[in-house]
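[1] Task: produce atomic coordinates for the following.
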Amino acid sequence: MADRKAESLHSSIGLLGISAGSLLLAVHFYALPRAAPLIPSTALGVLLLILSSLLAYAGIRRSLRNASLFLSLCLTISVFWCGYGVVFILGGQGVLNDAGDFRNALVPGLVTFTVALLIIAVVGFLCREVILAMIASAVSLASAHEVAMRYSTAFGSSAVACNYMIVCLVGGYFALGRFLCFLTKEKIALPGTDLAKKKTHEQIRSTSGSTNHFAVTGLILNMLSASVFGCRLLGVTGKLFIGQVPWLWAAGIYQIGICILSYRAMDVLMATFFGFTSILKFAGGYCLLYPIWQPEEPSFPTPFLVVFSVLFVVLALFLTLKSPADGLYLLFYVAYCIALACHPKGFFEGGPQGVDVAIFVASALMTLIHLYNAKASAKIPTGKGAAKALLARSSFLKLREGADLHAPYLGYSKYADAEVLGYACSVLASFAITMTGDPQAPLATVVIPWVVVAGGILTLLSGSVAFARGKTLESSAFILYAVMWIIWGLTRYGGLYGTTRSFHAAVGIVAFILFNGFIVFCTLFLNIAWFFYSLTFLLIAVSFLLDAIHALPASYDIAATLIFGLVSFYCFLSALFNSIFEGSCLPMGRPIVQLSGVRGGMTKCLHLPARKASSVKRIADILKNGGTCGIPTDTVYVLVAACNRPDAVEKAHHSKRQAQDRPMSLWISSLKQLEPAKHLFAPLLWDFMEAAWPSPISLVVPRGAWVDFLGMKDSAKYVGTPQSIAIRIPDCSVTTHLIDLVGPIVVTSANPTGEADTTHHNQVYAKLGDKVDAVLCDGPSPENIASTVVDCTKIDSGNIGFFRVGIIPKSQVLQILEQVQKKHTVVPNSGTRTTKGREEHLNHSHAVHNGVGMAASEEPAPVQSPDDGCENHTRL
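    Numbering: from 1, shown residues only. Now for the predicted structure:
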């Protein structure tokens with residue numbers, strides 16, 4: 001029910017946001033014939049930018065759970081109003097001098113969104129999404145009427161305003177339907193307004209395949225950039241100038257967003273493709289801005305564009321294995337890069353502009369195919385499965401398939417691997433700087449977009465995704481290289497330090513070289529390919545250093561960039577092969593240095609993703625057979641063993657250094673597991689345990705004969721102290737399900753005694769890898785705070801103490817105890833208990849915390865050692 005309300009909320013925000021923007025534009029066009037505009041252009045542009053960000057949020061949030069036409073509509077109108085708003089701001093600030101400039105700036109975007117929204121409307125009507133189709137068709141007609149109005153005074157602005165008013169009426173109808181649905185608790189819903197009802201069927205269909213629903217928006221963005229240059233060739237616009245930059249850069253920014261969301265959709269190939277096309281969009285905008293500084297048009301580095309076309313060819317070949325139609329579509333960009341390489345003025349020449357027209361038509365066709373296939377049950381054939389059937393006969397190449405296609409080596413990630421894009425951007429950046437450029441006119445050659453966007457922004461994106469997948473070393477290297485490309489690209493090719501080489505720049509480069517030297521050392525333990533990748537980048541950094549001090553030998557920088565580019569290209573091919581095919585056709589190699597204990601857990605220890613029930617069952621089997629495992633909890637990672645396996649309990653105890661004074665605690669999944677010994681617990685204590693759990697609260701209870709029911713035998717001495725034992729029911733479904741399968745377990749922190757808590761499954765490997773039999777991987781811990789440890793050894797007298805106050809405050813624990821005491825008619829010493837705890841913390845909003853159990857809280861160490869970081873025992 002909560003998910004349905006969230007879906008309905010995001011739908012309401014999106015459609016009402018479209019209605020609000022349409023109302024603003026309707027007022028603007030109704031008042032357009034007046035001498036003074038009712039809404040100033042700058043104010044209108046700012047409001048459209050705010051609404052575009054709201055629509056982007058609503059579309060993305062909706063799309064995470066529901067494959068819907070709503071996603072495409074929201075994101076398309078969002079990018080439309082983003083570019084539209086910036087053009088209005090430029091007009092309001094006087095950058096666009098006359099009506100001709102305003103027309104030349106607006107028409108390319110209006111043409112694109114007329115066609116794109118018409119496609120969305122057609123698919124919406126075919127798939128019976130009437131409200132969304134009506135909104136899309138009305139905005140499409142408004143854009144078409146505005147194009148006509150800009151070229152002929154016979155078409156008044158009232159027609160544009162009427163179309164936007166239709167959107168407002170549809171939005172009002174939707175708002176009324178949602179209001180009635182809310183008042184009547186979903187008993188009354190106007191037709192077409194209860195979008196949450198369509199969720200179940202649509203979600204089942206969307207999860208049946210690995211469709212990337214963000215690809216539609218990416219294709220529309222390709223239409224937008226192609227329209228800017230195609231309209232110039234066809235004579236629709238009179239010139240290319242700064243007024244069209246908002247469309248190109250809005251498309252580039254959104255394209256990077258679509259690239260990230262495509263990684264979220266586990267589509268590596270399309271994400272890489274959208275990353276490539278975003279580079280072209282930023283480069284196009286840069287070229288249109290260049291005439292502000294220089295009267296002539298900039299020139300293009302030919303080697304870079306040839307290499308770019310090769311990367312597009314390789315990507316097209318691999319994409320053909322997935323969908324031949326998409327592979328053929330990428331060939332248009334191969335032709336585009338070749339056309340740019342053949343014309344020194346690039347985007348301003350007729351050849352590339354002709355390819356832009358072809359890209360516009362092909363992108364519109366692919367948009368229709370992708371959108372229809374995502375919504376309809378009957379599909380337009382794209383050749384999917386043809387390459388799979390062909391490769392099925394091959395014994396050498398076998399396609400990767402299955403649910404774990406993009407699963408990281410350790411645990412679970414929400415993103416597919418982005419290393420393919422990172423290596424490709426390194427290739428592009430290295431070949432871009434082979435152009436030396438003119439020191440007197442450093443901006444005359446188009447190098448900055450290739451170096452800053454490809455080598456900087458997209459490499460930074462790859463590093464961020466690598467970090468999300470638990471690849472700490474790879475992410476650190478990508479981020480370091482991205483920073484280096486951005487700083488040096490702007491410094492060298494932006495003319496920031498001129499012909500005089502700066503000593504300060506040299507000092508900064510030396511710092512980068514030292515950092516990269518550390519990365520080179522670390523890659524000795526990773527693999528051969530990464531070692532050469534980081535080592536050859538060291539050659540690039542040395543080239544930067546020599547150039548900064550004006551001591552660069554002839555052709556050294558070209559040789560260094562070629563070596564680094566070739567190594568990066570091999571890594572690019574290897575990552576592509578390994579992501580598409582099983583086996584190691586192009587291996588990355590083994591570690592050059594293999595030390596005992598380094599990456600030991602990754603090779604010797606079984607790793608299983610926590611999101612799978614089969615993984616939990618395998619961990620349970622290992623524990624039943626006497627193994628010890630690292631598991632996630634509602635706090636941090638812990639090391640566990642089954643209570644009924646005394647050998648495993650002893651093994652878990654000895655797996656930690658100097659653990660003799662740190663007894664282990666006991667975890668159960670339900671009080672039913674202690675039911676046979678219930679008569680051995682005080683009634684107040686039993687009721688307190690029942691009220692406090694499941695939660696991150698560990699209760700230290702008196703040791704007694706009830707321990708014998710657990711079957712630990714002689715190993716019971718390692719659990720608790722001779723006087724007490726800490727017990728807890730964790731508030732984590734994975735952990736409690738595991739305990740249901742195994743029975744009560746003993747728990748200790750998954751780190752050597754005295755070290756910090758373990759908050760990621762990678763740290764379990766690093767600290768205890770060869771001392772555990774398996775690790776259940778679930779990524780970062782939900783909490784980094786220990787559980788609260790409560791002393792209940794004297795609870796019968798109405799007194800409880802706190803060894804440690806962790807994630808649950810004192811006031812909440814005392815409140816729980818007070819509620820339990822009220823159930824007991826006779827509480828002898830309840831009046832003697834003070835209320836000091838209540839005065840400290842009065843937050844009772846989180847009675848139970850989701851997640852998984854915490855290491856530091858699992859050892860009742862406060863009883864024995866003051867260096868455990870716990871609070872002193874305080875009587876209340």
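[2] what about the helices in the stretch 651-800 of the chain?
    683-692, 733-742, 761-768 (DSSP state H, counting those that start in this stretch).
[3] Just list what the last one packs against, helices and strands only.
    Pointing back at helix 761-768 there. For helix 761-768, the helices and strands in contact under the criterion 3 or more CB pairs under 8 Å, 6 or more residues apart in numbering; DSSP states H and E are helix 600-604, strand 629-631, strand 774-777. Using the backbone N, CA and C atoms, a C-beta is placed for each residue, glycine as well.
[4] do the same with the second one
    For helix 733-742, the packing partners by 3+ CB pairs under 8 Å, 6+ apart come out as helix 613-624, strand 629-631.
[5] 10 Å instead, please
    Here helix 733-742 touches helix 613-624, strand 629-631, strand 638-642, strand 665-667, strand 745-749, strand 774-777, going by 3 or more CB pairs under 10 Å, 6 or more residues apart in numbering; DSSP states H and E.
[6] related to what we said a few turns ago, and Ile558, which of the helices of the stretch 651-800 of the chain is closest to it?
    Taking CB to CB, helix 761-768 is the member of the helices of the stretch 651-800 of the chain nearest to Ile558, at 39.7 Å.
[7] quick one: the helices in the stretch 251-400 of the chain?
    Under DSSP H, counting those that start in this stretch, the stretch 251-400 of the chain gives helices at 268-289, 302-322, 324-342, 350-375, 386-391.
[8] quick one: buried residues of the last one?
    The one in question is helix 386-391. Going by neighbour count (16 or more other CB atoms under 10 Å), the buried part of helix 386-391 is Ala387.
[9] Counting by contacts, list what it packs against.
    Using 3+ CB pairs under 10 Å, 6+ apart as the test, helix 386-391 ends up in contact with helix 302-322, helix 324-342.
[10] all strands for the stretch 351-500 of the chain, in order.
    Shown for the stretch 351-500 of the chain, no strands are assigned by DSSP state E, counting those that start in this stretch.
[11] Worst mean pLDDT among the helices and strands packed on helix 386-391?
    For the helices and strands packed on helix 386-391, mean pLDDT drops lowest on helix 302-322, to a mean of 90.
[12] how far out from the middle of the chain is that helix?
    In terms of CA atoms, centre = their mean, to the nearest Å, the centre of helix 302-322 is set 26 Å apart from its chain centre.
[13] just stretch 290-308 next, same as before
    The chain centroid and the centroid of stretch 290-308 are separated by 33 Å under CA atoms, centre = their mean.
[14] now the end-to-end length of that stretch.
    Stretch 290-308 has its terminal residues 22 Å apart, counting by CA to CA, to the nearest Å.
[15] rewinding a little: and the helices and strands packed on helix 761-768, which one averages the lowest pLDDT?
    Within the helices and strands packed on helix 761-768, confidence is poorest for helix 600-604, with a mean of 49 (mean pLDDT).
[16] following that helix, which helix or strand shows up next?
    strand 606-609 (DSSP states H and E).
[17] thinking again about what came up before, nearest to Gly456, of the helices and strands packed on helix 386-391?
    Closest to Gly456 of those, according to CB to CB: helix 302-322, at 15.1 Å.
[18] ok so, going back, I'd like the helices and strands packed on helix 733-742 written out as a markdown table, with distance to Phe332 and mean neighbour count added.
    Shown next, in a markdown table, are the helices and strands packed on helix 733-742 (distance: least, CB to CB, whole Å; neighbours: other CB atoms under 10 Å):
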| stretch | distance to Phe332 | mean neighbour count |
| --- | --- | --- |
| helix 613-624 | 44 | 18 |
| strand 629-631 | 50 | 30 |
| strand 638-642 | 54 | 31 |
| strand 665-667 | 59 | 26 |
| strand 745-749 | 57 | 29 |
| strand 774-777 | 42 | 26 |
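[19] For Tyr329, which of the ones you listed is the nearest?
    Closest of the helices and strands packed on helix 733-742 to Tyr329 is strand 774-777, at 37.3 Å (criterion: CB to CB).
[20] who does the closest one pair up with?
    Take DSSP bridges as the rule and strand 774-777 pairs in its sheet with strand 606-609 (parallel), strand 629-631 (parallel).
[21] Generate CSV for the helices of the stretch 651-800 of the chain, with mean pLDDT and distance to Ser157 as supplementary columns.
    Listed next are these as CSV, based on pLDDT from 0 to 100; distance: least, CB to CB, whole Å:
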stretch, mean pLDDT, distance to Ser157
helix 683-692, 88, 68
helix 733-742, 90, 59
helix 761-768, 75, 60
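[22] now, of those, which is deepest in the fold?
    Of all the helices of the stretch 651-800 of the chain, helix 761-768 carries the top mean neighbour count, a mean of 24, counting by mean count of other CB atoms under 10 Å.
[23] which regions of the stretch 351-500 of the chain lie under the pLDDT threshold?
    For the stretch 351-500 of the chain, applying pLDDT under 70 flags the ranges 392, 394-395, 401-413, 435-444, 495-500.
[24] Look at Pro632 and say how many residues are nearby.
    Other residues within reach of Pro632, judged by other CB atoms under 10 Å, total 31.
[25] Relative to Ser137, how far out is it?
    Counting by CB to CB, to the nearest Å, the separation of Pro632 from Ser137 is 49 Å.
[26] which one of the helices and strands packed on helix 386-391 lies closest to Thr748?
    Set against Thr748 and scored by CB to CB, the helices and strands packed on helix 386-391 come closest in helix 302-322, at 46.9 Å.
[27] tell me the angle of that closest one relative to helix 268-289?
    Relative orientation of helix 302-322 versus helix 268-289 (axes from the mean of the first three to the mean of the last three CA atoms, to 10 degrees): 150 degrees.
[28] ok so, going back, out of the strands paired with strand 774-777, nearest to Gly218?
    strand 606-609 (29.1 Å).
[29] Can I get that closest one in PDB, CA atoms only?
    Taking C-alpha atoms only, strand 606-609 is exported to PDB below (Å, rounded to 0.1, in the frame of the first residue of the first chain):
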ATOM      1  CA  LEU A 606      32.900 -18.500  -0.700                       C
ATOM      2  CA  HIS A 607      31.000 -15.300  -1.400                       C
ATOM      3  CA  LEU A 608      27.200 -15.300  -1.800                       C
ATOM      4  CA  PRO A 609      24.800 -12.400  -2.500                       C
END
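[30] Where in this structure is the helix or strand with the lowest mean pLDDT?
    helix 836-840 (a mean of 33; mean pLDDT, DSSP states H and E).
[31] so Met689 makes contact with Val700?
    No - if you go by CB atoms under 10 Å, Met689 and Val700 don't touch, sitting 11.5 Å apart.
[32] overlap in contacts of the two?
    Residues touching both Met689 and Val700 (CB atoms under 10 Å, 6 or more residues apart in numbering) are 727, 792.
[33] Can you list the helices and strands that the helix or strand encompassing Ile60 packs against?
    Per DSSP H and E, Ile60 falls inside helix 41-63. Under the contact definition 3+ CB pairs under 10 Å, 6+ apart, helix 41-63 sits against helix 2-30, helix 69-92, helix 215-234, helix 245-264.
[34] how about the second one as PDB, C-alpha atoms only?
    I take that to be helix 69-92. Taking C-alpha atoms only, helix 69-92 is exported to PDB below (Å, rounded to 0.1, in the frame of the first residue of the first chain):
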ATOM      1  CA  LEU A  69       5.000   5.800 -20.900                       C
ATOM      2  CA  PHE A  70       5.000   8.300 -18.000                       C
ATOM      3  CA  LEU A  71       8.800   8.100 -17.800                       C
ATOM      4  CA  SER A  72       9.300   9.000 -21.400                       C
ATOM      5  CA  LEU A  73       6.700  11.800 -21.300                       C
ATOM      6  CA  CYS A  74       8.100  13.400 -18.100                       C
ATOM      7  CA  LEU A  75      11.800  13.300 -19.200                       C
ATOM      8  CA  THR A  76      11.000  14.500 -22.700                       C
ATOM      9  CA  ILE A  77       9.100  17.500 -21.600                       C
ATOM     10  CA  SER A  78      11.700  18.100 -18.900                       C
ATOM     11  CA  VAL A  79      14.500  18.500 -21.400                       C
ATOM     12  CA  PHE A  80      12.200  20.500 -23.700                       C
ATOM     13  CA  TRP A  81      11.500  23.000 -21.000                       C
ATOM     14  CA  CYS A  82      15.100  23.100 -19.800                       C
ATOM     15  CA  GLY A  83      16.400  24.200 -23.200                       C
ATOM     16  CA  TYR A  84      13.300  26.300 -23.800                       C
ATOM     17  CA  GLY A  85      13.700  28.100 -20.500                       C
ATOM     18  CA  VAL A  86      17.400  28.900 -21.100                       C
ATOM     19  CA  VAL A  87      16.500  30.400 -24.600                       C
ATOM     20  CA  PHE A  88      13.900  32.600 -22.900                       C
ATOM     21  CA  ILE A  89      16.500  33.700 -20.400                       C
ATOM     22  CA  LEU A  90      18.900  34.600 -23.200                       C
ATOM     23  CA  GLY A  91      16.200  36.500 -24.900                       C
ATOM     24  CA  GLY A  92      15.300  38.400 -21.700                       C
END
